[in-house]
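**Student:** sequence first, predicted coordinates after that:
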Amino acid sequence: MTLVLTNRFKLKDSHTLAVYEENGGYKTIDKVFATNPDDIIEEVKQSGLRGRGGAGFPAGLKWSFIPKDPGKPKYVCVNADESEPGTFKDRYLLELDPHQLIEGIIICCYAIQSHDAYIYIRGEFDLPYRRIQAAVDEAYAKGYLGKNIFGKGYDLNIVVHRGAGAYICGEETALLESLEGKRGNPRVKPPFPATHGAFGCPTVINNVETISALPWIITNGAQNYRQWGTEKSPGTKMFSVSGHVNKPGVYEVPLGYPIKDMIQNECGGVGGTGRLKAVIPGGSSVPVLTAEEALDANLDYESLMEKGTFLGSGGIIVIDDSVDMLWALRNLGHFYSHESCGQCTPCREGTGWVSKILDRIYHEGGTQADLDLLNEIADNMSGKTICALADALAMPVRSYLKKFPEDFARHIKKTA
Amino acid sequence: MSFAFTPENQKKFEALLTKYPTKMAALLPTLWLAQNQNGHLSLEVQEHVASLLDLSPVHVHGVVTFYTMYKQKPSGKFHLQFCKTLSCGLCGSEDLIRHMKEKYKLEHGKVSEDGKFSMELVECLASCGTAPAMAVNEKYVEQLTVEKIDELMKKLSVA
Amino acid sequence: MTKVKITIDGHDLEVEQGTNLIEAARQLGKTIPHYCYHPGLPPDGNCRMCLVQVEKMPKPVIGCRTGATEGMVVHTQSDEVKKMRQSIMEFLLINHPLDCPTCDQAGECRLQDYYMDYDRIPSRYQEQKVHKDKMVDLGAGVMLDEERCIVCTRCVRVCQEVAKSEELFVQERGNHSMVATFPGKKMTNPYAGNTVDVCPVGALTSKDFRYKKRVWFLSAADSVCQGCSRGCNISVHHADNRVYRLKPRHNPEVNDYWMCDYGRIDYKFVNDGRRLKPHFKTDAGLQEDSYQNAFAHLQSVLQNYSADQITGIASAQESNEEINAFVDFIKSNFGSLPIYFSKNNPENPYEDDILIKADKNPNSAHIASKNLKPVSEISGGVKAVFVQRNLSAQDAQVLKDKGIQIVALFATNETNLDNLAEVILPIPTFAEQNGHFTNFEGKVQGFTKALKPRGESRLFAEHAEDIKALLSSIKKAS
């Protein structure tokens, strides 16, 4: 199936400029520079492209918040800090089609009239880093980046900036802090990055996948993009599927695609015991779905909201019936307490507390009071902090306890 | 001996400064450069980086201690970073980690006596589709099994 | 400046647009509890204690970083807000060591205060606490107990914003976060004591004050620092007629919320090394004795001089009132010679453009207004002087060189003049009297009496009455 983002993935040396150009790459540049920047923003708005990092904010709308003449530089930051457990799509976009991302950056920069872009890539991504850096170097050598790009009288620089091991830097304002050479502490908002972003200047921050969709959208038009997906979730999305499926991997499908079909058709069915227990649809932080809920759900923003969860980053973790959901939650407790930046009291203390309670119940057994306390701590953590990391643990805590009570009951000590 | 960049790295460092509107922004890449040269970021290296970028040493230290990939102590020649997060966990990483301890006496935070190996348990490497995974130094090794690990350890121990 | 109308808990008020909600509530006399917010520092927003509800906002907001806008309706007492405060307190206390009995902050600790105000439930925490170092010497007289720290970063911001010094920073992350200096380094900035003042909990304590006194036994008197010509507003904390510590007192026109570390320890002379009784010179050396015998000795000394050979040296260390009394006394009883002054005049005095002035006298401005002359210009006609408080080493040398006798020294403490003065009469320090200093900008600032005059010390005016009587009896006799 020919779609939007992954069309060149199977080509040999797909990461090189030559292969990219042979296969339609950089063909939309003439069109871009012949178009009014505002019309590009309008086209992206019309496409309904939503942020693919997790929050799902409409990309064109985000760009329209950038002031026209701020009297200072404007920046574009590409969020390549892909760290949400269960998510590994951006990695392949960077490894297998880095020029698509660069072309997307050119489109985004032109649309908001920015001349400086940073790609913030997580420190662990070695091959993706080398691939995107090599692609940037190729583009500079060919005059596609730097001064007067493509002879269009427009200057554009791209810097690839490596992180160094911190999940929180995927949060857009933590990313900015990190880019500026600081600890990755999320910023209090407002002010928002659109006015006070990188280096105090107006900044657009978009996920790799969002930006990578732009060349196709501008080439083929917003209406064509809308041939896929639903009214509120147009287009395609890349889903990372992991856990208990026979063929884990990254799959691009139209939004609205049923989870059932994703597991059965793309992923070759449930792996492990072969019996589905649970599905985490959007990266480890979103509320979990039971097998029954999952098999009835579609992969788009609104259907998953109806099911009480989120599309998030599209990291689908499939769990078979051998898994103790307390064990799974404990694993996430460790993750989020390790990754809390430690600024806000409820997150710094709450994630650690939850994690320790789960450890204790797992090893020694617990009481009903422990389970009630877990729910209450989750409530006390949610919506009280600068960023959403506390919620990213609170949501699993509440949903696992609610949907898999038997897995927790099994660990309750029988009292005399 | 006091730390200084090699002439080649000095050039790279100077190039870094041109990429950002502030000196501070060059901190993360400068630390990478220093760590790649020195193997780890000793306090002396941190102070040197601070002076290069007109930052306070305590700011640099705050940054170094925030990011897990900056090493304050030397690690083994082969630094084995096992992912322990959910998808790898679902695919058996706990068994592999146990295997490392039982067979190779390696566990989180440990460096082997000969300095050849060190091990660290890390959070999600975005290798969930090819779980279980680890990074050996910077290179990902994926779809791990006990056999694959034994083969790799054999290869590395003579490398 | 635009004024906006807002409502807090049903009370309407008008504030400047953008006023943060903690300050807006303060105008109504309401407290929105907070740890990390400090009115003298840039807001951070990490502690989350000041979460309140604002109508039409989807989530609770932090008072410290939410600016008032027209028509804003704020709730600080709703059940939900109360629940949030209770939960923040619970979070803050789970890893707290609860070592109040041995904590110097006890009695002035926001954890204790807010626990009583907003929490009051027993701990539900059964897990192992995160253990950290309890005795870290941060330098500059500041001790850190990492386990008590709530990482509010007030101390970090004080160093950055007040001392303009980046010596403290948060290290590590998550619940291992802590405040620290660079390993092996210590704070050296001269405003480090303010980190202790702003610490809302017992994490940072003053080495000077640690374990000396439970704070609830201390009383406070409004005062003015006499360490330099800035005249930082301070509180003198005292008990048992001794001073235990000095704390800065807010005055936006002089020192804001801060004081320097030199000033902060400039109280020790009040407690120690004092002249508490009259002394006079004998063949066997300086002798402590009664006022009666001291005045008898003074009388015998004064008999050697005529009134036109005697003058006085006033001190820039004394209050307006004491300087006036001294100058008036010299003028009315001697008067033909010029009157001189002396200043504390250390070599290479430290100064900066923050608070610390090079002039280490609290009252140079008042001295300047009295038209007195420096001791270096002392004329040949002077044979004997009354000296207020003390002389600089240079000025003492001038007297020695010219053979001018110090007939009486009005002293608070033992000084380098002890062997030069015929009689030493004890006077109280600034902590034992009411008075005023005039600072370098001409601002006249009052200070109040914290202690009873120690020992037999008396204000200059009381000494002057007795000396006047003495002088008239000398006149009669001649």
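**Tutor:** Yep, it's here.
**Student:** so which residues of chain A form strands?
**Tutor:** In chain A, the strands defined using DSSP state E lie at A:75-80, A:116-121, A:157-162, A:203-207, A:236-243, A:249-254, A:257-258, A:276-280, A:289-290, A:298-299, A:315-320.
**Student:** what separates the fifth one from the chain centre, distance-wise?
**Tutor:** Mean C-alpha position of strand A:236-243 versus that of the full chain (C-alpha atoms, centre = their mean, to the nearest Å) differs by 11 Å.
**Student:** shaky segments in chain B?
**Tutor:** B:1 (pLDDT under 70).
**Student:** may I see the domains of it written out as residue ranges?
**Tutor:** B:7-66, B:78-157 (automatic domain parsing).
**Student:** now the ones you listed as TSV including distance to chain C and mean neighbour count?
**Tutor:** Placement of C-beta: from N, CA and C, glycine included. Shown next, in TSV, are these (distance: least, C-beta to the nearest C-beta, whole Å; neighbours: other C-beta atoms under 10 Å in any protein chain shown):
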stretch	distance to chain C	mean neighbour count
domain B:7-66	4	19
domain B:78-157	12	19
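**Student:** what's near enough to touch the nearest residue to residue A:28 once chain neighbours are set aside?
**Tutor:** Distance criterion C-beta to C-beta, 6 or more residues apart in numbering or on different chains; nearest residue to residue A:28, sequence neighbours excluded, is residue A:219 at 4.3 Å. When contacts are counted by C-beta atoms under 8 Å, 6 or more residues apart in numbering or on different chains, residue A:219 touches A:24, A:27-28, A:31.
**Student:** relative to residue C:354, how far out is the residue nearest the centre of chain B?
**Tutor:** With distances taken as C-alpha atoms, centre = their mean, residue B:69 lies nearest the centre of chain B, 4.7 Å away. From residue B:69 across to residue C:354, the span is 39 Å (C-beta to C-beta, to the nearest Å).
**Student:** strands of the stretch 351-478 of chain C, start to end?
**Tutor:** Counting by DSSP state E, counting those that start in this stretch, the stretch 351-478 of chain C has these strands, from start to end: C:373-374, C:384-388, C:405-411, C:421-426, C:435-438, C:444-447.
**Student:** what about the residue nearest to residue A:28, distance to residue A:100?
**Tutor:** 11 Å.
**Student:** likewise residue A:64?
**Tutor:** Distance of residue A:64 to residue A:100, computed by C-beta to C-beta: 24 Å.
**Student:** between those two, which is the more surrounded one?
**Tutor:** A direct count of neighbours by other C-beta atoms under 10 Å in any protein chain shown for residue A:64 and residue A:100 places residue A:100 higher, at 31 against 16.
**Student:** my guess is that one meets residue A:209, correct?
**Tutor:** No. Checked against C-beta atoms under 8 Å, the pair residue A:100 and residue A:209 is beyond contact range at 10.3 Å.
**Student:** name all residues that sit in contact with those two at the same time.
**Tutor:** Common neighbours of residue A:100 and residue A:209 (C-beta under 8 Å, 6+ apart) are A:5, A:93.
**Student:** quick one: contacts of the host helix or strand of residue B:65?
**Tutor:** In this structure, residue B:65 sits in helix B:57-66 according to DSSP states H and E. Contacts to helix B:57-66, defined as C-beta under 8 Å, 6+ apart, come from residues A:166, A:181-184, A:341, B:27-28, B:31, B:41, B:43, B:46-47, B:49-50, B:53, B:70, B:72, C:166-173, C:180-183, C:185.
**Student:** what about the helix or strand just after it, distance to the chain center?
**Tutor:** Downstream of helix B:57-66, the first helix or strand assigned by DSSP H and E is strand B:78-83. Its chain's average C-alpha position is 8 Å from that of strand B:78-83, according to C-alpha atoms, centre = their mean.
**Student:** can you check stretch C:384-393 too?
**Tutor:** 26 Å.
**Student:** any idea how far apart the tips of that stretch sit?
**Tutor:** Using C-alpha to C-alpha, to the nearest Å, one end of stretch C:384-393 lies 18 Å from the other.
**Student:** mind listing what's buried in that stretch?
**Tutor:** C:384-392 (16 or more other C-beta atoms under 10 Å in any protein chain shown).
**Student:** what sits up against stretch C:351-366?
**Tutor:** The contact list for stretch C:351-366, computed with C-beta under 8 Å, 6+ apart, reads C:162-164, C:190-191, C:224-232, C:255, C:258-260, C:262, C:316-320, C:323, C:343-346, C:349-350, C:367, C:430, C:437-442.
**Student:** now do it: distance to the chain's middle.
**Tutor:** With C-alpha atoms, centre = their mean, you get 14 Å for stretch C:351-366.
**Student:** mind checking the pLDDT average for it?
**Tutor:** For stretch C:351-366, the mean per-residue pLDDT is 97.
**Student:** next, the buried residues of it.
**Tutor:** C:354-357, C:359-366.
**Student:** from chain C, how far out is the residue most central in space within chain A?
**Tutor:** Nearest to the mean C-alpha position of chain A, by C-alpha atoms, centre = their mean, lies residue A:53 at 2.5 Å. Here residue A:53 is placed at a distance of 20 Å from chain C (C-beta to the nearest C-beta, to the nearest Å).
**Student:** up against chain C, what does chain A have?
**Tutor:** Residues of chain A found near chain C (C-beta under 8 Å from any C-beta of the partner chain) are A:166, A:183, A:188, A:337-346, A:348-353, A:356-357, A:360, A:373, A:380, A:383-386.
**Student:** what about the closest residue to residue A:193 other than its chain neighbours, how many residues close to it?
**Tutor:** Leaving aside its sequence neighbours, residue A:193 sits nearest to residue A:203 (C-beta to C-beta, 6+ apart; 4.5 Å). By other C-beta under 10 Å, 28 other residues sit near residue A:203.
**Student:** which non-adjacent residue is nearest residue 186?
**Tutor:** Defaulting to chain A. Nearest to residue A:186 is residue A:387, by C-beta to C-beta, 6+ apart, at 3.8 Å.
**Student:** meant chain C actually
**Tutor:** Using C-beta to C-beta, 6+ apart, the closest residue to residue C:186 is residue C:139 (2.5 Å).
**Student:** where do the strands sit along chain B?
**Tutor:** So, for chain B - with DSSP E - the strands run B:78-83, B:117-122, B:134-136, B:139-141.
**Student:** just put those strands in JSON lines and tack on distance to residue C:374.
**Tutor:** What follows is the strands of chain B, written out as JSON lines (distance: least, C-beta to C-beta, whole Å):
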{"stretch": "strand B:78-83", "distance to residue C:374": "71"}
{"stretch": "strand B:117-122", "distance to residue C:374": "71"}
{"stretch": "strand B:134-136", "distance to residue C:374": "75"}
{"stretch": "strand B:139-141", "distance to residue C:374": "78"}
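**Student:** give me the nearest residue to residue C:152, chain neighbours excluded.
**Tutor:** Sequence neighbours aside, residue C:36 is the residue nearest to residue C:152 in space, at 3.9 Å (criterion: C-beta to C-beta, 6+ apart).
**Student:** ok, the one you found touching residue C:47?
**Tutor:** Yes. In this structure, residue C:36 is within contact of residue C:47 by C-beta under 8 Å, at 4.1 Å.
**Student:** up against chain A, what does the stretch 1-150 of chain C have?
**Tutor:** C:45-49, C:51, C:59-60, C:62, C:65, C:84, C:87-88, C:90-92, C:94-95, C:124-128, C:130, C:150.
**Student:** circling back to that earlier point, just name the most buried of the strands of the stretch 351-478 of chain C.
**Tutor:** strand C:384-388 (a mean of 27; mean count of other C-beta atoms under 10 Å in any protein chain shown).
**Student:** which other helices and strands contact it?
**Tutor:** Packing partners of strand C:384-388 (3 or more C-beta pairs under 8 Å, 6 or more residues apart in numbering or on different chains; DSSP states H and E): strand C:310-315, helix C:320-333, strand C:405-411.
**Student:** each with direction, which strands does the helix or strand that comes right after the longest one pair with?
**Tutor:** Same thing as helix C:320-333. Per DSSP H and E, the first helix or strand lying C-terminal to helix C:320-333 is strand C:340-342. Within its sheet, and counting by DSSP bridges, strand C:340-342 is paired with strand C:310-315 (parallel), strand C:373-374 (parallel).
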